[in-house]
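A.B. asks: below are the sequence and a predicted model; questions follow.
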Amino acid sequence: MHSSRIAEAFALGDEELADALQPSTVENLSVLAAGRMLAKPAWAYDSGDLPGIVEILEARFDLVVFDLPAVSKASSAARLAALLDGVLMVVEADRVPSVVARKVRHFLAHSNVHLLGGVLNKCRRREPALV
């Protein structure tokens, strides 16, 4: 896909993309923030230009990491996830029941997503009761 169509779809030209990429305090790490909230966020994921954008970023960088919103059935984020080399599923402890996490894992597997593994975060440390 030609980069001008991609830039048109997301209102970023090559120069604007370079300006939008922000250096971080970590050497050789750039960040592209999501920007303003779209009226219809699913549009960004459903855009036919998305595969081209992923391609451009992958050609420009050694490693591209997307931080996607929560995935649910019929989630547009799953369509983006299917374009990526792999997905690391992050599950918030005490908030996401294990049955829901298993359903999402199953949904991703049937959405052509290569699941690399999972991370359980925000685990509260539970101290054993003192006797």
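C.D. replies: Alright, I've got the coordinates. Residues are numbered from 1 along each chain as shown.

A.B. asks: which pLDDT value goes with residue 59?
C.D. replies: Residue 59 is assigned 82 on the pLDDT scale.

A.B. asks: buried residues in the helix or strand encompassing it?
C.D. replies: Per DSSP states H and E, residue 59 falls inside helix 50-60. Buried residues in helix 50-60, counting neighbours by 16 or more other Cβ atoms under 10 Å, are found at 50, 52, 53, 54, 56. Every residue, glycine included, has its C-beta placed from N, CA and C.

A.B. asks: farthest pair within those?
C.D. replies: 50 and 56 (10.8 Å; Cβ to Cβ).

A.B. asks: which stretches of the chain form helices?
C.D. replies: 3-10, 14-20, 42-46, 50-60, 76-81, 98-109 (DSSP state H).

A.B. asks: in terms of mean pLDDT, which of those helices ranks lowest?
C.D. replies: helix 3-10 (a mean of 46).

A.B. asks: tell me the domain ranges of this structure?
C.D. replies: Using automatic domain parsing, the domain ranges for the chain come out as 1-65, 67-131.

A.B. asks: confidence score at residue 33?
C.D. replies: 73.

A.B. asks: ugh, wrong one, I meant residue 48
C.D. replies: 70.

A.B. asks: ends of stretch 84-98, how far apart?
C.D. replies: End-to-end distance for stretch 84-98: 25 Å, by Cα to Cα, to the nearest Å.

A.B. asks: how about that stretch: buried residues?
C.D. replies: 84, 87, 89, 91.
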